[in-house]
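Q: Got a sequence here, can you build the structure:
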Amino acid sequence: MRIGVTGSIATDHLMTFPGKFGEHLLTEHLDHVSLSFLVDELDIRRGGCAANISYGLGQLGMSPLLIGAVGQDFAEYGDWLQQNGVDTSAVLVSAAKHTARFVCTTDEVGGQLASFYSGAMSDAALIELAPIADSAGGLDLVVISPNDPQAMIRHTDECRARGYAFAADPSQQLARADGEMVRLMVDGAAYLFTNEYEAELLLQKSGWTHAEVLSRTGCWVTTLGADGVTIERQDAEPVFVKVVEPARIADPTGVGDAFRSGYLAGASWGLDDTGCGQLGSAMASLALEVVGPQEYQLELAEFLRRLIETYGDDAKIAVAATLVHGPSAPSQATRAVM
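A: Residues are numbered from 1 along each chain as shown. Predicted coordinates:
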């Protein structure tokens, strides 16, 4: 399966605060809050939702096509992604703007305060998918992850108009989207990804019921943090998958993107919803153990151990995991054990 991943490509500036934000927020004064937190650590990492998802797919032996807009400062980052299996040939380079930047501070209980500078990302709305798909020999799935809002709408509309299957991953952009935009981003998606809070926000803003969302999407995947993930389809019983426990918790940034990469790789290999959820959860555990969304490396033996220790000796999962770094093989071998 050829997957095109649209969305943000950014540099992450990640800081750690040795305390709890909540202890310094006065609810009666939130309308004029003014706080400065002295942090202990600063890590500058590669990030952006589309780049993070693409990196994870690359770790699983896929060759995803990254689609987004960057600045002239992207060269070194682009080399890194290419070295990790990501095709960056469809990335638009702005002549005047810097690559987007995410600045995030995490406290000792995982709370986060963040800002995002869009920069070149605002040019993503200039990207047309059809020439990219033609050049790539077709796209089996287009992932529409958080990006410039107009770019997300344009890519979604084009997918519907041209018949490209797409995965809706509105995530952070749900906060600024109105009801019409939410409905445009979701309607007709083959996959819809949200976390638990985003799921409720999506229902509130769209005006749709839970059942109506399921009727307009092929599959709704809702991550529940440490409580696992729920996968739903219309007229089918929900599937629940528990998490793969990480060896340690270092940084939650990019964990959801890693989950998506595992889930989508599993889908491309023909795994069922349970298998996709398990593969996604194993990828999420790798990302959770490091600081930065692209600092983990998939080691096959350890990855297999996590899967089998958590879920048992599931043949479908074992085959999919064993065939990482062999992107042409999984679809045939996995079908043989389905």
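Q: When you work out contacts or count neighbours from here on, use the C-alpha atoms and nothing else.
A: Noted.
Q: The longest helix that the chain contains - what's its average pLDDT?
A: As assigned by DSSP state H, the longest helix anywhere in the chain is helix 273-288. On average, the pLDDT along helix 273-288 is 94.
Q: Tell me what angle the helix or strand following that helix forms with helix 273-288.
A: Sequence-wise, the next helix or strand downstream of helix 273-288 (DSSP states H and E) is helix 300-311. Calculated by axes from the mean of the first three to the mean of the last three Cα atoms, to 10 degrees, helix 300-311 forms an angle of 120 degrees with helix 273-288.
Q: which helices and strands sit right next to helix 300-311?
A: Judged by 3 or more Cα pairs under 8 Å, 6 or more residues apart in numbering; DSSP states H and E, the packing partners of helix 300-311 are helix 273-288, helix 315-322.
Q: Go again with 6 Å.
A: The helices and strands touching helix 300-311, judged by 3 or more Cα pairs under 6 Å, 6 or more residues apart in numbering; DSSP states H and E, number zero.
Q: what's next to the longest helix of the chain, contact-wise?
A: By Cα atoms under 6 Å, 6 or more residues apart in numbering, the residues outside helix 273-288 that reach it are 243-244, 246, 249-252, 255, 258-259, 262-263, 266, 296.
Q: Send me that helix as PDB with only the CA atoms.
A: C-alpha atoms of helix 273-288 as PDB (Å, rounded to 0.1, in the frame of the first residue of the first chain):
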ATOM      1  CA  ASP A 273      -8.700  -4.100  13.800                       C
ATOM      2  CA  THR A 274      -7.300  -5.900  16.800                       C
ATOM      3  CA  GLY A 275      -4.000  -6.500  15.100                       C
ATOM      4  CA  CYS A 276      -3.800  -2.900  13.900                       C
ATOM      5  CA  GLY A 277      -4.500  -1.700  17.400                       C
ATOM      6  CA  GLN A 278      -1.900  -3.900  18.900                       C
ATOM      7  CA  LEU A 279       0.800  -2.900  16.400                       C
ATOM      8  CA  GLY A 280      -0.100   0.800  17.000                       C
ATOM      9  CA  SER A 281       0.100   0.400  20.800                       C
ATOM     10  CA  ALA A 282       3.500  -1.300  20.500                       C
ATOM     11  CA  MET A 283       4.800   1.700  18.400                       C
ATOM     12  CA  ALA A 284       3.300   4.100  20.900                       C
ATOM     13  CA  SER A 285       5.300   2.500  23.800                       C
ATOM     14  CA  LEU A 286       8.500   3.000  21.900                       C
ATOM     15  CA  ALA A 287       7.800   6.700  21.400                       C
ATOM     16  CA  LEU A 288       6.800   7.100  25.000                       C
END
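Q: from the contacts of helix 273-288, which ones fall inside helices?
A: Within the contacts of helix 273-288, residues falling in helices by DSSP H are Val255, Ala258, Phe259, Gly262, Tyr263, Gly266.
Q: Max pairwise distance over the residues you listed: which two?
A: Greatest spatial distance among the ones in helices among the contacts of helix 273-288 (Cα to Cα): Val255 and Gly266, at 16.8 Å.
Q: Between these two, tell me which one has more neighbours.
A: Gly266 (29 against 26; other Cα atoms under 10 Å).
Q: so what's that one up against?
A: By Cα under 6 Å, 6+ apart, the residues touching Gly266 are Cys276.
Q: that older thread, highest neighbour count among the contacts of helix 273-288?
A: Ranked by the number of neighbours (other Cα under 10 Å), the contacts of helix 273-288 place Ala258 first, at 31 neighbours.
Q: which one is that residue nearest to, not counting chain neighbours?
A: Ala284 (5.1 Å; Cα to Cα, 6 or more residues apart in numbering).
Q: what are the ranges of the helices in the stretch 51-200 of the chain?
A: 75-83, 129-135, 149-162, 179-186, 196-206 (DSSP state H, counting those that start in this stretch).
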